[in-house]
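Asker: Sharing a sequence plus its predicted fold:
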Amino acid sequence: MLETLKYLTQIKPARNYKNIDSLNNVASYLEDRFKVIGLETSFQNYVVDNNEYKNIRRATLLWN
């Protein structure tokens, strides 16, 4: 968990609406971290001022 916290707080440039690449990198990172612990994610994509953003909507337990 500390590794994830460090990643989220130290990403450069900072994750905010002006740095969409950082936001997308964080979303991908979280998706990968969730997969490692057996959770599947889905995303909510939306557009604001011609910029596409995404939220992680849920993480669902994957059953083997």
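Answerer: Nice, thanks for sending it over.

Asker: Just give me the longest helix of the protein.
Answerer: What stands out as the longest helix in the chain, according to DSSP state H, is helix 20-36.

Asker: just checking, what packs against that one?
Answerer: Packing contacts for helix 20-36, counted by 3 or more CB pairs under 8 Å, 6 or more residues apart in numbering; DSSP states H and E, involve helix 2-10, strand 39-48, strand 51-61. Just so you know, the C-beta spots here come from the backbone N, C-alpha and C atoms, and that holds for glycine as well.

Asker: center of the protein, which residue is that?
Answerer: For the chain, the residue nearest the mean C-alpha position is Ala27 (1.5 Å; CA atoms, centre = their mean).

Asker: my read: that one touches Lys54, true?
Answerer: Yes - the pair Ala27 and Lys54 qualifies as a contact (CB atoms under 8 Å) at a distance of 5.7 Å.

Asker: Mutual contacts of these two, please.
Answerer: Phe43 (CB atoms under 8 Å, 6 or more residues apart in numbering).

Asker: which stretches of this structure have low pLDDT?
Answerer: Counting by pLDDT under 70, the chain shows low-confidence ranges at 62-64.

Asker: 80 instead?
Answerer: Across the chain, the ranges flagged by pLDDT under 80 are 58-64.

Asker: separation between the residue nearest to Arg58 when sequence neighbours are not counted and Thr9?
Answerer: Spatial nearest neighbour of Arg58, chain neighbours left out: Ser42 (5.7 Å); criterion: CB to CB, 6 or more residues apart in numbering. From Ser42 across to Thr9, the span is 25 Å (CB to CB, to the nearest Å).

Asker: which of those two has more neighbours?
Answerer: Counted by other CB atoms under 10 Å, Ser42 and Thr9 do not tie: Ser42 has more neighbours, with 12 against 9.

Asker: List the residues that contact the more buried one.
Answerer: By CB under 8 Å, 6+ apart, the contact set of Ser42 is Ile56, Arg57, Arg58, Thr60.
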